[in-house]
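1. Could you work out the structure for the sequence below:
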Amino acid sequence: MTDEQFIATAGGGILYDASRLSKPVEELFSRSHWASLGALEEVAGGRSSIAVLNVATARAGSKAVPWVLRHYRRGGLIAKLSQDSYLWTGAARTRSFAEWRLLAELRRRGLPVPAPIAARYVRGGMTYRADLITEFLVGTRTLADAITGHDLPEATWRAVGKTIAAFHREGVHHADLNANNILLAASQPDVYVLDFDRGRIEPRGAWEQAVLARLRRSLEKIKGQRADVRFGEQQWQWLLASVT
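-> Sure, this is the predicted structure:
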């Protein structure tokens with residue numbers, strides 16, 4: 001179970017799992033800090049702004065699982081005004097705290113999501129910036145990468161459908177389900193779901209079909225952007241058969 005704790009900082013606050021992190025400090029959310037330790041393994045550009053942190057390198061002799069650090073960034077037209085600032089409406093409603101708590105609840109319900117480690121907000125007048133650290137799911141690849149140059153077996157497509165169905169049974173509304181935030185385990189058909197920013201739990205309804213439609217659009221978009229993507233109507237029907 002997640003041991004939720006909060007600590008106030010000079011500019012905001014940090015929410016963390018005390019069973020996984022004993023000393024939450026601001027440096028945890030600094031890429032330059034991890035780089036100075038030789039523990040900044042990978043940085044993905046774009047809106048996601050993801051960094052993979054090799055915790056074992058930072059802690060000599062440790063066998064700790066790597067972490068993922070994400071800085072929240074805006075998309076769309078509003079990003080032209082502010083790339084990463086959000087209107088302050090209270091700590092509980094910050095993007096980072098809301099997602100951290102949702103992940104903790106989903107894990108409590110036995111759903112396949114990464115463990116939340118720590119979340120931070122930093123205030124600046126009427127706005128704030130935010131970051132989230134979760135565990136890195138070792139030995140996985142995105143659905144987008146898995147279908148590029150490879151034929152996924154029917155069982156894997158059905159496993160993806162079953163996983164989506166499990167979230168929907170719990171009323172979990174993913175705000176942006178796409179082929180890049182569905183992860184597949186390399187050795188077995190385990191499926192995980194990432195990125196629950198703006199996600200919520202609500203009564204089941206028509207939104208479930210909207211989530212599926214969004215996923216279908218992302219698969220078609222990838223097919224149009226990359227060469228040799230193995231996705232078509234047959235694969236979609238295999239997935240759908242396990243959702244409904």
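2. show me where pLDDT drops low in this structure?
-> 43-48, 60-62, 76-81 (pLDDT under 70).
3. rerun at 50
-> 46-47, 79 (pLDDT under 50).
4. Strands of that one, residue ranges please.
-> Counting by DSSP state E, the chain has strands at residues 4-8, 12-17, 40-44, 50-53, 67-71, 86-87, 116-124, 127-135, 140-142, 172-173, 182-185, 191-193, 200-201.
5. give me phi/psi at the most centrally placed residue in the chain?
-> Nearest residue to the geometric centre of the chain (C-alpha atoms, centre = their mean): Asp195, 2.6 Å. With angles defined as degrees, to the nearest 10, Asp195 sits at phi 60, psi 80.
6. Distance check, it against Leu177.
-> 9 Å (C-beta to C-beta, to the nearest Å). C-beta: built from backbone N, CA, C; applies to glycine.
7. The residue nearest to the centre of the chain and Leu102: what is the separation?
-> 11 Å.
8. Next: Arg59.
-> Following C-beta to C-beta, the distance that separates Arg59 from Leu102 is 28 Å.
9. One more: Glu170?
-> Distance from Glu170 to Leu102, by C-beta to C-beta: 11 Å.
10. Identify the contacts common to these two.
-> With contacts defined as C-beta atoms under 8 Å, 6 or more residues apart in numbering, the residues shared by Glu170 and Leu102 are Ile201.
11. Of these two, give the one with the bigger neighbour count.
-> Set side by side, Glu170 and Leu102 show more neighbours around Leu102, with 19 against 14, by other C-beta atoms under 10 Å.
12. how about the more buried one, what does it touch?
-> Neighbours of Leu102 in contact, by C-beta under 8 Å, 6+ apart: Phe196, Gly199, Arg200, Ile201.
13. make it 7 Å
-> Residues near Leu102 by C-beta atoms under 7 Å, 6 or more residues apart in numbering: Phe196, Gly199.
14. what about the helices in the protein?
-> For the chain, the helices defined by DSSP state H cover 31-36, 55-58, 95-108, 143-146, 154-169, 207-225, 233-243.
15. Could I get those helices in JSON lines, plus columns for distance to Arg129?
-> As requested, the helices of the chain are arranged in JSON lines below (distance: least, C-beta to C-beta, whole Å):
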{"stretch": "helix 31-36", "distance to Arg129": "14"}
{"stretch": "helix 55-58", "distance to Arg129": "23"}
{"stretch": "helix 95-108", "distance to Arg129": "9"}
{"stretch": "helix 143-146", "distance to Arg129": "28"}
{"stretch": "helix 154-169", "distance to Arg129": "29"}
{"stretch": "helix 207-225", "distance to Arg129": "27"}
{"stretch": "helix 233-243", "distance to Arg129": "36"}
